[in-house]
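# no FASTA, just this:
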């Protein structure tokens, strides 16, 4: 059960004068469950009556203070056995408030719900006013009566079952002998002495006035089927009784809660609620919404400038890279991964082999020799042909797509620089990381973009996402990136 | 002026007393007389039923007598509407329920005599119950009339 400590914003004194009449006060909820309080940031409107007591407080930014204080209330109030205790506190937090705070509370044992400030509208209604105690008790009694009725029905059915079983036994035994001496009923008040004949012939009522002649065994079958139906009825009746019992217990609980003075808090859901709460989550950040907007705008401008600056920077780098192109190409091929090249080289076994060699080297983590300076003629050929291949693909590699550039983060640009200038340095890099990047880069290479410029693609996801929408990306590449 | 207020005061008191009286009477009718009436009617219905049983029995025995039936083939209800053939070789002797679980063997003439006596008794019982019901009904009417009068009076007094 949640009990309530109600804290409230200061109201004008004129309002306070007519306190006995119910007045709607805006409030904020604050939970202290199991003695661990946290902000709930739900705002409700409390219907005040003389039974409700309030803490007057002015500012939300004193939330933390209030939080601590709320625990204190809870503890102090939990000690008191009085269900409706008034608690006054010293006005620590109300230095600039022009009135001293007042604290009152409803019930104080168990987890406590503290209500503090206003944001959204809701209503707190004493449960007793919605479900009057007498009404709830009456409803409980009514349900109890229904349960008794059903119980009687159940007993009746049980009797039927017993009768049925007895009859089955009787029918089973009757054909044992040819005749039974019995008193044959004649009307309800008279008997003749007589005997049962044809003990294996039974006339069974099927319903609707139809009778059927059956033997003992067949009769037993019919009776057993009837017994099953009876059992099913009993089961359903038991379920019904269980339901009714739950209902009765609910009514009882409602009656008890209503008599204890529990209140029901209702709050209309509004769209703005989520916004409010999300703002609320940054409670300690004293930023107005307009200020936040300005700040956001400023941040966007700043980001734009940064991106543009990087564009320029990369443009220059591009030029520098072109001059080093031939050197790059060796490195470039070494970084190629299998899948993009296999398709192209499938008709040239020799080339394929050599490329495979490279691949093996890469995947086997042979990092020591990055062999571009001492390339064998064969390898050189491979490198050359692969570049040719790229050219045949129809995308001029010396004209990189400019929008590709902002994908680079400063860190990656450094890497590019090292790759361009000295290939031996590259080998110092963590090879596993490069290997994975190589696989990634190859897809870029296949579509004709410059490999070196996409090293840092994963390192700065923010830039990537911001620049991507404006970029005309081929569908194939999108697919690759998506992998 | 003073007198008027006094009267009014008295009137209010009287109204209260009358209200209480009316409430008491209504409670008496609802909680005592009406359940009694229902119970009496139920009892009488039971007696009616018994009377009908004996009436049927008398008619059946008379039928047997008229047709001179000496042996009888009938169906016996074993329960749950399961029937079996039964043979009564001798219909001359019949066992009658004389009450309290006792059954006495009668001949037809003896049985008819017993049945006529039994019927007389049942008739008396029914008469008693009818009178009881009538008296309860009259009491209810009486109390209802009393309530009506009280209400009328109070209505007169208020004007």
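Structure received. Predicted model only: the values in this text are computed from it and were never measured.
# contact partners for the nearest residue to residue A:231 once chain neighbours are set aside?
Distances taken as CB to CB, 6 or more residues apart in numbering or on different chains put residue A:161 closest to residue A:231, at 6.9 Å, once the chain neighbours are dropped. Yep, even glycine has a C-beta here, placed from its N, CA and C like the rest. The neighbours of residue A:161, taking CB atoms under 8 Å, 6 or more residues apart in numbering or on different chains as the test, are A:227, A:230-231, A:234.
# what do you get for residue B:89?
Listed by CB under 8 Å, 6+ apart, the contact set of residue B:89 reads A:194-195, B:71.
# got any ranges where chain B has weak pLDDT?
Applying pLDDT under 70 to chain B picks out residues B:1-11, B:153-159.
# alongside chain A, which residues does it contribute?
Chain B comes close to chain A at residues B:50, B:53-54, B:56-57, B:60, B:72, B:74-91, B:93-97, B:103, B:111, as judged by CB under 8 Å from any CB of the partner chain.
# how about stretch B:85-98: buried residues?
Across stretch B:85-98, burial judged by 16 or more other CB atoms under 10 Å in any protein chain shown covers B:85-88, B:91, B:94-97.
# export those to TSV and append columns for distance to residue A:127 and secondary structure.
Below are the buried residues of stretch B:85-98 laid out as TSV (distance: CB to CB, whole Å; DSSP: H, G, I helix; E, B strand; the rest coil):
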residue	distance to residue A:127	secondary structure
B:85	69	strand
B:86	68	strand
B:87	73	strand
B:88	72	strand
B:91	75	coil
B:94	71	strand
B:95	68	strand
B:96	67	strand
B:97	61	strand
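# what's the closest of the residues you listed to residue B:21?
residue B:97 (50.7 Å; CB to CB).
# what is the closest one paired to in the beta sheet?
Listed by DSSP bridges, the beta-bridge partners for residue B:97 are residue B:103.
# hmm, it is touching residue A:185, no?
No - taking CB atoms under 8 Å as the definition, residue B:97 is not a contact partner of residue A:185, at 10.2 Å.
# now tell me what touches stretch A:165-172 from outside.
With CB under 8 Å, 6+ apart as the test, stretch A:165-172 has contacts from A:202, A:216, A:219-220, A:223-224, A:227, B:78-80, B:82.
# now distance to residue A:169, secondary structure and neighbour count too, for the residues you listed, in TSV please.
Formatted as TSV, these follow (distance: CB to CB, whole Å; DSSP: H, G, I helix; E, B strand; the rest coil; neighbours: other CB atoms under 10 Å in any protein chain shown):
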residue	distance to residue A:169	secondary structure	neighbour count
A:202	14	strand	25
A:216	11	helix	18
A:219	12	helix	27
A:220	9	helix	17
A:223	10	helix	23
A:224	12	helix	12
A:227	12	helix	17
B:78	11	strand	19
B:79	11	strand	13
B:80	13	coil	18
B:82	13	strand	21
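# now render those as CSV, adding distance to residue B:35.
CSV is the format used below for those (distance: CB to CB, whole Å):
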residue, distance to residue B:35
A:202, 45
A:216, 49
A:219, 45
A:220, 46
A:223, 41
A:224, 43
A:227, 38
B:78, 39
B:79, 35
B:80, 35
B:82, 39
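# all set, thanks.
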